[in-house]
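**Q** structure, please.
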Amino acid sequence: MSSSTGAGSDRLAGLLAEHRELEAELADPAVHADAARARRLGRRYAQLAPVVETARALDAATDDLAAARELAGEDPSFAAEAEELAGSVGELTGRLTELLLPKDPDDEKDVILEIKAGEGGAESALFAGDLLRMYLRYAERRGWATEVLDAVPAELGGYKDVAVAIKSRTDEGIFSRLKFEAGVHRVQRVPVTESQGRIHTSAAGVLVLPEAEEVDVSVDPNDLRIDVFRSSGPGGQSVNTTDSAVRITHLPSGIVVSSQNEKSQLQNRESALRVLRSRLLAAAREEAAATASDQRRSQVRTVDRSERVRTYNFAENRIADHRVGFKAHNLDQVLDGDLDPVLDALTAAATAELLAAGS
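**A** Numbering: from 1, shown residues only. Here you go, the predicted model:
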């Protein structure tokens, strides 16, 4: 296959070679004896498929264009076909250029999404509950599996803190889709506790972490302090008569995670370790990408009403994403999981930024 794109030809050649190697590996029955390895190879193979298909289509269109132009010199009836093929070559070149842009190494990973209530007290916790439902409904629309790893309910409803794992049932990369949700989300509405009908503003923070596999992050058990305590519900009400909740402190980094959602101490320990591995992976990525954009370096620094990525205005049924100027008056539908339009806008803006940086 020729590298007919010009720019990015070395990268294209490398990806095509990698695709051939993966194809050979996946054809080996021995590889499938290790299910985890086979899944990783299969995911990468599927990720490279659009590059290979587009490159092949571009090569074919380029050859056809050359032939049509040659024939048009002898027979003018081929001129229209040559013009049409030239348009196809341009479209395919643009598509391949986008596919060859540098990818976030975590884009194909599953996700651990955390929502933390911030300023606004009870109203912020209720809003955190609304956001959780929004993401669960969106995951349902996409056919993704969800699992609540830990939840700290608030007295009047909603959550002070909640963590949910979101997994793809196929090879679809979830982090690439949800990473733009990280940041401070602000809500403007009349709280249920407001007797004068005044609109209040509160906020909740969203963190989106690529779920780390054990091969991504090595955790030394000697670096962990594990405490157990009794699970409790809103207001400290005991919901468990045994010390099944688990708090894990990673001593070198100071990261603390806890889980009390499961009934057994062993299950809560495993859930907490999943969150810990993902936070350690995210911290390592941030350190390695110290010169990258603020959005990638630090997702939620403070759950502060002024540092917001998106506003949900109930009185106007409006959602506004402040990073790309996206606005829509279908807040009710968005909260029911219709997130694709705003995520499409964020993805398009990120792609345009990469294209501009590479030009």
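**Q** going forward, measure contacts between C-alpha atoms and count neighbours the same way
**A** Noted.
**Q** so which bits of the host helix or strand of D344 are buried?
**A** Assigned by DSSP states H and E, D344 belongs to helix 340-358. Buried residues in helix 340-358, counted by 16 or more other Cα atoms under 10 Å: 342-343, 345-347, 351.
**Q** can you tell me which one of the residues you listed sits lowest on pLDDT?
**A** Across the buried residues of helix 340-358, no position has a lower pLDDT than T351, which has 85.
**Q** tell me, how many residues neighbour the residue nearest to that residue when sequence neighbours are not counted?
**A** Spatial nearest neighbour of T351, excluding adjacent residues (Cα to Cα, 6 or more residues apart in numbering): E98 at 7.4 Å. Other residues near E98 come to 15 when the count uses other Cα atoms under 10 Å.
**Q** so E98 is in contact with E353, correct?
**A** No. Counting by Cα atoms under 8 Å, E98 sits too far from E353 to count as a contact (11.1 Å).
**Q** which elements pack onto the helix holding D344?
**A** On a contact count with 3 or more Cα pairs under 8 Å, 6 or more residues apart in numbering; DSSP states H and E, helix 340-358 meets helix 175-178.
**Q** quick one: mean pLDDT over the helix or strand just after the helix it packs on.
**A** Using DSSP H and E, the helix or strand that follows helix 175-178 in sequence is strand 183-189. For strand 183-189, the mean pLDDT works out to 93.
**Q** returning to what we had before: any chance of the buried residues of helix 340-358 in JSON lines, plus distance to D223?
**A** Listed next are the buried residues of helix 340-358 as JSON lines, based on distance: Cα to Cα, whole Å:
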{"residue": "V342", "distance to D223": "41"}
{"residue": "L343", "distance to D223": "38"}
{"residue": "A345", "distance to D223": "42"}
{"residue": "L346", "distance to D223": "38"}
{"residue": "T347", "distance to D223": "38"}
{"residue": "T351", "distance to D223": "39"}
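**Q** am I right that D161 is in a strand?
**A** Yes. Under DSSP: H, G, I helix; E, B strand; the rest coil, D161 sits within a strand.
**Q** tally up the residues packed near it, please.
**A** 20.
**Q** that one touches K116, doesn't it?
**A** Yes. Applying Cα under 8 Å, one finds D161 in contact with K116, separated by 4.5 Å.
**Q** overlap in contacts, those two.
**A** Both D161 and K116 are contacted by A128, under the criterion Cα atoms under 8 Å, 6 or more residues apart in numbering.
**Q** which residues does the spatially most distant residue from the centre of the chain contact?
**A** Residue farthest from the centre of the chain, counting by Cα atoms, centre = their mean, is E74 at 53.8 Å. By Cα under 8 Å, 6+ apart, no residues touch E74.
**Q** that one and T62: what is the separation?
**A** Distance, E74 to T62, by Cα to Cα, to the nearest Å: 19 Å.
**Q** tell me the contacts of R37?
**A** Contacts for R37 (Cα under 8 Å, 6+ apart) come out as V31.
**Q** tell me if I am right that it is in a strand.
**A** No. Assessed with three-state DSSP, R37 is helix; it does not lie in a strand.
**Q** how about the secondary structure of the residue farthest from the centre of the chain?
**A** When classified by three-state DSSP, E74 comes out as coil.
**Q** so what's it scoring on pLDDT?
**A** The model reports E74 with a pLDDT of 77.
**Q** give me the buried stretch members for stretch 272-282, please.
**A** Along stretch 272-282, these residues count as buried under the neighbour rule (16+ other Cα under 10 Å): 272-282.
**Q** can you redo these as a markdown table with pLDDT?
**A** Shown next, in a markdown table, are the buried residues of stretch 272-282 (pLDDT from 0 to 100):
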| residue | pLDDT |
| --- | --- |
| A272 | 88 |
| L273 | 88 |
| R274 | 86 |
| V275 | 88 |
| L276 | 89 |
| R277 | 87 |
| S278 | 87 |
| R279 | 88 |
| L280 | 87 |
| L281 | 84 |
| A282 | 82 |
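**Q** quick check, nearest of those to E155?
**A** Compare each of those with E155 using Cα to Cα and the shortest gap goes to A272, at 23.5 Å.
**Q** my guess is that closest one meets S258, correct?
**A** Yes. Counting by Cα under 8 Å, A272 does reach S258; the two are 5.5 Å apart.
**Q** between the two, what contacts are shared?
**A** Common neighbours of A272 and S258, using Cα under 8 Å, 6+ apart, are 246-248.
**Q** so the residue nearest to T351 belongs to a helix, correct?
**A** Yes. Assessed by three-state DSSP, E98 belongs to a helix.
**Q** from here on, call the first residue 21.
**A** Understood, numbering begins at 21; the last thing we discussed is E118.
**Q** can you tell me how far it is from T367?
**A** For E118, the distance to T367 - Cα to Cα - is 12 Å.
**Q** report the secondary structure state of A224.
**A** Of the three states, A224 takes strand according to three-state DSSP.
**Q** can you show me the helices along the stretch 271-379 of the chain?
**A** 285-308, 314-317, 351-355, 360-378 (DSSP state H, counting those that start in this stretch).
**Q** among the ones you listed, which is nearest L244?
**A** helix 285-308 (10.1 Å).
**Q** so which elements touch that closest one?
**A** Using 3+ Cα pairs under 8 Å, 6+ apart, the elements in contact with helix 285-308 are strand 165-173, strand 220-230, strand 265-270, strand 275-279, helix 314-317.
**Q** can you rerun that using 7 Å?
**A** Judged by 3 or more Cα pairs under 7 Å, 6 or more residues apart in numbering; DSSP states H and E, helix 285-308 is in contact with strand 220-230, strand 265-270, strand 275-279.
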